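[1] compute the structure for the input listed below.
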Amino acid sequence: MLTQEDLKNIGIEVGEVIEQNIAPALDSLQKQIDHVENQMVTKDYLDTKLVEQYGNIVVLMRKGDGKLLRLVELLKEKNVLSDEEVKSLLVMEPFPKLV
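    Numbers count the residues shown, from 1 in each chain. Predicted structure coming up:
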């Protein structure tokens, strides 16, 4: 049968094992979790970046659309394109013009 002294010694040994083995492992795990949390992308950050990229794409498309409009205009002036062809080009997406 175990005496009170034996139980006390067992408790001390278990405490030392936890302190020496489990506590450092938990500390290391907590550091890793903290690192992951610091590197993690939040939904708000991602939403903001997506909106910025969408805006950049629209600006680039508008520039391309401006070049297309100028090219259609030049080809019309040189009688390369008919009025009907110009209309069909100008009503096309992504930025249709009403003619």
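[2] for stretch 2-13, give the mean pLDDT please.
    Averaging pLDDT along stretch 2-13 yields 89.
[3] host element of the closest residue in space to Pro94 that isn't next to it in sequence?
    Excluding the flanking residues, the one nearest Pro94 by C-beta to C-beta, 6 or more residues apart in numbering is Met61, at 5.9 Å. C-beta: built from backbone N, CA, C; applies to glycine. When elements are assigned from DSSP states H and E, Met61 belongs to helix 43-77.
[4] and the next element down the chain from that helix?
    Past helix 43-77, the next helix or strand by DSSP H and E is helix 83-90.
[5] what packs against that following helix?
    Judged by 3 or more C-beta pairs under 8 Å, 6 or more residues apart in numbering; DSSP states H and E, the packing partners of helix 83-90 are helix 43-77.
[6] and the angle for the helix it packs on with helix 83-90?
    170 degrees (axes from the mean of the first three to the mean of the last three C-alpha atoms, to 10 degrees).
[7] what comes up buried for helix 43-77?
    Buried residues in helix 43-77, counted by 16 or more other C-beta atoms under 10 Å: 65, 72.
[8] name the helices or strands packed onto that helix?
    helix 83-90.
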